[in-house]
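Okay, predicted coordinates and the sequence, questions at the end:
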Amino acid sequence: MENRTEGLLVKMPISVSPNNVTMNGDTANENPPESTEQKKRKRKRYRPIMPSILYNIYTLAESFPNKFRDRVCAECSWSIPTFYRKMRMLDKVSIKDKTKRVPSISNAEKERIIHIFDEVHAETRAQYDEYRQLPNKLAS
């Protein structure tokens, strides 16, 4: 540790031991080691702080669209811009036959997207059910 005294740089010795710290030969107040009973009381007094259930459920609901998008992109081999482009696209009218429509998404992709939605929804629902059972766990 360094101390400036009237423009001079003076080095001050520091020694550290497990229970005390000394500077310039002065000993700090030594605290007696805590007994096991004192440690138990301290542990009971402090409980871990958990975010509120509202925050947890909101975060869970907020993450659903991103999980769904990421799974669709992975399963259909799309990039994220392609996902949003396909989401905005409408079925087009055929150039050759004006009565026919050309779908923007194939039937196989439609089925896969519905299947992915069911899976992601079930996963999110399972996580939500854990919060639904939480008040019962706290009561017991």
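Looks like it arrived, so ask away. What you see is a predicted model; the values in this text were computed from it and never measured.

gap between the closest residue to I113 other than its chain neighbours and S52?
Among residues not flanking I113 along the chain, V72 sits closest, at 5.9 Å (CB to CB, 6 or more residues apart in numbering). Backbone N, C-alpha and C define where each C-beta goes, glycine included. Per CB to CB, to the nearest Å, V72 is found 31 Å from S52.

Please identify which of those two sits among more neighbours.
A direct count of neighbours by other CB atoms under 10 Å for V72 and S52 places V72 higher, at 20 against 8.

pLDDT score assigned to P135?
Per-residue confidence (pLDDT) for P135: 62.

oh, I was asking about K42
64.

about what we covered before: list the contacts of the residue nearest to I113.
When contacts are counted by CB atoms under 8 Å, 6 or more residues apart in numbering, V72 touches 78, 83, 112-113, 116.

List phi and psi for it.
phi -60, psi -40 (degrees, to the nearest 10).

how far away is it from T124?
15 Å.

for Q133, same thing?
Relative to T124, Q133 is positioned 15 Å away (CB to CB).

next one: R85
Distance from R85 to T124, counting by CB to CB: 25 Å.

between these two, who's got more neighbours?
Per other CB under 10 Å, whichever of R85 and T124 has more neighbours is T124, with 16 against 12.

so what's I53 closest to, chain neighbours aside?
Using CB to CB, 6+ apart, the nearest residue to I53 is Y131, at 6.0 Å.
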